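Novice: pasting a predicted model and its sequence here:
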Number of protein chains: 2
Amino acid sequence: MDTENNLIELIKSRKSIRNFIYEKISNDTIKEILECGRWAPSASNRQPWKVCVVIHPTVKRMLAEVSKYGGIIESAYVNFVIFLDVEKGGERVKDVQSIGAFIQNILLGVESKGLGAVWIGEILKNKDQVNEIFKLPMEKFDLMGVIAMGVIDEPMVSQKSKERERYPLEEFIEFY
Amino acid sequence: MDTENNLIELIKSRKSIRNFIYEKISNDTIKEILECGRWAPSASNRQPWKVCVVIHPTVKRMLAEVSKYGGIIESAYVNFVIFLDVEKGGERVKDVQSIGAFIQNILLGVESKGLGAVWIGEILKNKDQVNEIFKLPMEKFDLMGVIAMGVIDEPMVSQKSKERERYPLEEFIEFY
């Protein structure tokens, strides 16, 4: 079945992209990608996510300044700054898992469009400064990660091989 | 582009399935579905997941006994009992997000095969009893959820409409 092979191909081919060329991505494309996140499952269907979509160079610069990966953030056409909306959420572990499902759907959406992205978690250590940029109160919005997305810089797509490695299935599954 | 439309279709059509007919699913199919999880991204590529694949009726019964949704667990051909492997993990929030991405890839894999599944989080409240079934020490393996999977019982696929609802994009995104 086509859908089946396409999905497995898509899941396997997706990888972190850190080098972008500067090229505009339409708001329609951006919304279609976020639409993939929108349909993610969440505990009790709480959908506890909020996204600041950062395209403006000044805001991007501010975000870049609070991450070790500022260069990537600035060179990406758009950054999705993803928060857990605490008031929509309920149980912490399940909400954080739901955010993981949301992010993965977005990353697959990026891949399906032939665009590139990297999921930046390092910025969580400066979450107070990120909330400050968007004037979001810490107790209501808990930073979960940033996805930097752009048009792939083709000659740079080679990847450190270590990062693409995965344990074999037998390493982590057991049949009962 | 085909891949693009297929993905969005797949993501939107996926929903919780709680009614299964009893029909064998091959180990190859099960492994192909877990392979989708295997390629999930994770913080620092730590891949902090462990899965107990429960097919045996006695083990399924034991699992069913510690969940309010025991009926679903027993009627599913297979249950994936998913743990965070604490020793592989590093930072808690990022590891739990990675598990969310892992689970979502598996759910999409199930959908792409035309099978049905439901992600059960309720069982987390009895995590000590679940670890006991598999003789897994609590400090090393932290229960993250169960995916009950089987062949869809067609006449039962209708869904409470509330669960399929999603907030509009405008509810949770802001452009900067």
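Specialist: All right, it came through fine.

Novice: all contacts plus neighbour counts: C-alpha atoms, from now on.
Specialist: Fine.

Novice: immediately after the helix or strand of chain A with the lowest mean pLDDT, which helix or strand?
Specialist: Of all regular secondary-structure elements in chain A, judged by mean pLDDT, DSSP states H and E, the least confident is helix A:161-164 with a mean of 64. Downstream of helix A:161-164, the first helix or strand assigned by DSSP states H and E is helix A:169-172.

Novice: do stretch A:55-72 and chain B come into contact?
Specialist: Yes - applying C-alpha under 8 Å from any C-alpha of the partner chain, one finds stretch A:55-72 touching chain B at A:55, A:56, A:59.

Novice: which of those residues are buried, as a PyMOL select command?
Specialist: The buried residues among these can be selected in PyMOL (16 or more other C-alpha atoms under 10 Å in any protein chain shown) with this line:
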select buried, chain A and resi 55+59
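
Novice: the longest helix seen in chain A packs against which elements?
Specialist: Secondary structure assigned by DSSP state H gives helix A:92-112 as the longest helix of chain A. Using 3 or more C-alpha pairs under 8 Å, 6 or more residues apart in numbering or on different chains; DSSP states H and E, the elements in contact with helix A:92-112 are helix A:2-13, helix A:27-38, strand A:78-85, strand A:116-120, strand A:141-152, helix B:2-13, helix B:92-112.

Novice: what angle do the last one and strand A:141-152 make?
Specialist: Following axes from the mean of the first three to the mean of the last three C-alpha atoms, to 10 degrees, one obtains 60 degrees for the angle between helix B:92-112 and strand A:141-152.

Novice: which helix or which strand is home to residue A:51?
Specialist: strand A:49-54.

Novice: next one: the helix or strand following that strand to chain centre, how far?
Specialist: Note on strand A:49-54: by DSSP H and E, the next helix or strand toward the C-terminus is helix A:57-64. Offset of helix A:57-64 from its chain centre (C-alpha atoms, centre = their mean, to the nearest Å): 17 Å.

Novice: show the subsequent helix or strand relative to helix A:57-64.
Specialist: Immediately after helix A:57-64, counting by DSSP H and E, sits helix A:70-75.

Novice: got TSV for the helices and strands packed on helix A:92-112, with distance to residue A:99 and mean pLDDT too?
Specialist: Formatted as TSV, the helices and strands packed on helix A:92-112 follow (distance: least, C-alpha to C-alpha, whole Å; pLDDT from 0 to 100):
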stretch	distance to residue A:99	mean pLDDT
helix A:2-13	18	85
helix A:27-38	9	97
strand A:78-85	7	98
strand A:116-120	12	98
strand A:141-152	8	98
helix B:2-13	15	85
helix B:92-112	6	98
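
Novice: just these: most buried one?
Specialist: Looking across those with neighbours counted as mean count of other C-alpha atoms under 10 Å in any protein chain shown, the highest average goes to helix B:92-112: a mean of 26.

Novice: the inter-axis angle of that helix versus strand B:49-54?
Specialist: Using the same axes, to 10 degrees: helix B:92-112 against strand B:49-54 is 40 degrees.

Novice: and helix B:92-112 with strand B:116-120, angle?
Specialist: On the basis of the same axes, to 10 degrees, helix B:92-112 is oriented at 160 degrees to strand B:116-120.

Novice: please save the CA atoms from helix B:92-112 in PDB.
Specialist: The C-alpha coordinates for helix B:92-112 follow below in PDB (Å, rounded to 0.1, in the frame of the first residue of the first chain):
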ATOM      1  CA  ARG B  92      13.400  14.300  32.100                       C
ATOM      2  CA  VAL B  93      11.300  16.800  30.100                       C
ATOM      3  CA  LYS B  94      13.100  16.100  26.900                       C
ATOM      4  CA  ASP B  95      13.000  12.300  27.400                       C
ATOM      5  CA  VAL B  96       9.300  12.400  28.000                       C
ATOM      6  CA  GLN B  97       8.800  14.500  24.800                       C
ATOM      7  CA  SER B  98      10.900  12.000  22.900                       C
ATOM      8  CA  ILE B  99       8.600   9.200  24.200                       C
ATOM      9  CA  GLY B 100       5.700  11.300  22.800                       C
ATOM     10  CA  ALA B 101       7.300  11.500  19.400                       C
ATOM     11  CA  PHE B 102       8.000   7.700  19.600                       C
ATOM     12  CA  ILE B 103       4.400   6.900  20.400                       C
ATOM     13  CA  GLN B 104       3.100   9.200  17.700                       C
ATOM     14  CA  ASN B 105       5.300   7.500  15.000                       C
ATOM     15  CA  ILE B 106       3.900   4.200  16.200                       C
ATOM     16  CA  LEU B 107       0.300   5.400  16.000                       C
ATOM     17  CA  LEU B 108       0.900   6.700  12.400                       C
ATOM     18  CA  GLY B 109       2.400   3.400  11.500                       C
ATOM     19  CA  VAL B 110      -0.700   1.600  12.800                       C
ATOM     20  CA  GLU B 111      -2.900   4.000  10.700                       C
ATOM     21  CA  SER B 112      -0.800   3.400   7.600                       C
END
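
Novice: what separates that helix from the chain centre, distance-wise?
Specialist: 7 Å.

Novice: which residues touch the residue lying farthest from the centre of chain A?
Specialist: Most distant residue from the mean C-alpha position of chain A: residue A:176, 34.5 Å away (C-alpha atoms, centre = their mean). Residue A:176 makes contact with B:52, B:53, B:54, B:55, B:56, B:59, according to C-alpha atoms under 8 Å, 6 or more residues apart in numbering or on different chains.
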